[in-house]
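[1] Fold the following, please.
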Amino acid sequence: MIKKLLLTTAFFASTLAQSQVTSGLIAKYSFNSGNANDEVGTNNLSVQNGATYGADRFGNANKASLLDGTDDYLKTTNPFFYPGNDFTISLWYKSNNSTQSRQTFFNTEPHQQLSVGYNWFGNGSYDIALNDGVNWNICSNATNGLDTFFVNSSITASNWNHFVMTYDGTTWNSYINNSLLNVCNTGTPTSTISDLFFGSISVGPQSFFAGLLDDIRVYNRAINQSEVTLLFNEINPASVGINEVFNNNQLVSVFPNPNNGEFTIQSQKEDVVVISNELGQVIETIELNQNNNFSHKVTSLSSGIYFLVGKQVKQKVVVAK
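    A predicted model of the protein is given here:
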């Protein structure tokens with residue numbers, strides 16, 4: 001019985017983790033906690049010039065970074081990014097002014113490394129600028145030094161869109177909305193450790209982004225197409241209701257919920273419950289049986305959203321300190 005329960009809970013925990021694509025994740029900014037902190041490391045973003053928060057792509061209020069297109073931007077507080085190493089940057093964007101030119105998604109500091117933006121020349125293009133420390137056109141023969149690629153009319157900048165750039169040491173791939181739109185196999189980028197700017201370049205005309213950025217992820221590897229698909233199809237974490245279960249006969253209760261980091265799990269039957277965070281990382285595995293009177297007290301969880309998955313329960317737990 002317990003073996004089957006362990007297999008069941010392991011399956012659901014694996015599904016949660018897979019949907020989040022956590023392998024190699026070195027920085028994550030979902031803005032869900034009302035700040036721009038890194039949720040997997042210490043590479044927090046500093047909010048510049050009054051950048052605020054707006055609704056995310058699921059309609060959740062104040063869960064995305066809102067930039068005014070004039071002087072707002074975000075930047076890392078410590079250099080940690082190596083453009084010459086394998087990496088992936090994934091983000092969601094929605095422009096509030098699709099006609100404004102030179103809107104930057106992200107940029108490195110030092111500036112002579114990597115820059116990606118929308119509508120650079122006011123023509124609706126998406127523009128990638130890669131630098132080897134001397135030249136900006138290592139992936140393009142264009143005299144302007146930009147590797148410019150165009151997207152079809154189905155990509156509307158005023159809608160939420162998903163952008164991903166990967167580099168595996170040889171090839172640069174760029175995706176929009178789960179479609180591979182640009183490939184480059186030339187040039188050797190500089191590998192100087194860098195800060196990252198989001199919504200602005202770091203020097204000269206600042207090229208500010210006007211709109212919303214959300215769910216920014218940085219990996220130390222190139223994710224593959226199937227993982228891009230998982231990120232593109234990621235579900236709304238808030239859609240898992242506090243009392244949502246697999247069936248109508250809930251045999252496991254959690255109280256209090258919400259809580260301050262301490263709560264009790266109580267079951268009417270033998271069960272194995274996995275507690276995972278929003279990244280799908282397993283925090284604790286709990287076996288409920290006669291030895292503990294089918295009850296377990298969880299303590300000292302940090303603020304955030306957690307998921308309880310067992311044979312008889314799937315439930316969201318909210319910790320607010």
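[2] Can you tell me the SS state at residue 226?
    On the three-state scheme (DSSP: H, G, I helix; E, B strand; the rest coil), residue 226 is labelled helix.
[3] In the stretch 151-300 of the chain, mark out all the strands, start to finish.
    161-167, 172-176, 179-184, 195-198, 210-219, 252-255, 263-267, 271-277, 282-288, 295-298 (DSSP state E, counting those that start in this stretch).
[4] strands paired with the longest one, and their directions?
    Sheet partners assigned to strand 210-219 using DSSP bridges are listed as strand 25-29 (antiparallel), strand 64-68 (antiparallel), strand 87-95 (antiparallel).
[5] Need the winner for burial among those strands.
    strand 64-68 (a mean of 25; mean count of other CB atoms under 10 Å). All C-beta spots, glycine's among them, are computed from the backbone N, C-alpha and C.
[6] contacting residues around that one?
    Strand 64-68 has contacts (CB atoms under 8 Å, 6 or more residues apart in numbering) with 29, 31, 36, 47, 50-57, 72-74, 92, 94, 198-199, 208-214.
[7] go on, stretch 70-78?
    Contacts for stretch 70-78 (CB under 8 Å, 6+ apart): 27, 29, 36, 42-51, 65-67, 109, 195-200, 202, 206, 208-210, 213.
[8] Next, the distance between the ends of that stretch.
    Counting by CA to CA, to the nearest Å, you get 24 Å between the two ends of stretch 70-78.
[9] residues making contact with stretch 286-301?
    Defining contact as CB under 8 Å, 6+ apart, one finds that stretch 286-301 is touched by 2, 252, 261-275, 283-284, 319.
[10] first to last residue in it, what's the distance?
    End to end - CA to CA - stretch 286-301 spans 15 Å.
[11] tell me the mean pLDDT over that stretch?
    Mean per-residue pLDDT for stretch 286-301: 90.
[12] now swap in stretch 99-115 and tell me
    For stretch 99-115, the per-residue pLDDT averages 87.
[13] tell me the contacts of the residue nearest to the spatial centre of the chain?
    Of all residues in the chain, the one closest to the mean position by CA atoms, centre = their mean is residue 215, 3.5 Å from it. Remark: with contacts taken as CB under 8 Å, 6+ apart, residue 215 is in contact with 28, 29, 30, 56, 90, 91, 92, 234.
[14] follow-up on the earlier one: now restrict the contacts of stretch 70-78 to buried residues only.
    Neighbour counting over these (16 or more other CB atoms under 10 Å) leaves 27, 29, 36, 43-45, 47, 51, 65-67, 109, 195-200, 202, 206, 208-210, 213 as the buried ones.
[15] ok, the residue lying closest to residue 162 once chain neighbours are set aside - contacts?
    Spatial nearest neighbour of residue 162, chain neighbours left out: residue 232 (5.0 Å); criterion: CB to CB, 6 or more residues apart in numbering. Listed by CB under 8 Å, 6+ apart, the contact set of residue 232 reads 162, 177, 178.
[16] Near residue 292, how many residues? Count them for me, please.
    12 (other CB atoms under 10 Å).
[17] what does residue 119 give?
    Neighbours around residue 119, by other CB under 10 Å: 21.
[18] What separation do you get for it and residue 191?
    Using CB to CB, to the nearest Å, one gets 29 Å for the distance from residue 119 to residue 191.
[19] Poorly predicted segments of the stretch 51-200 of the chain, please.
    Along the stretch 51-200 of the chain, the model assigns pLDDT under 70 to residues 136-138, 140-154, 187.
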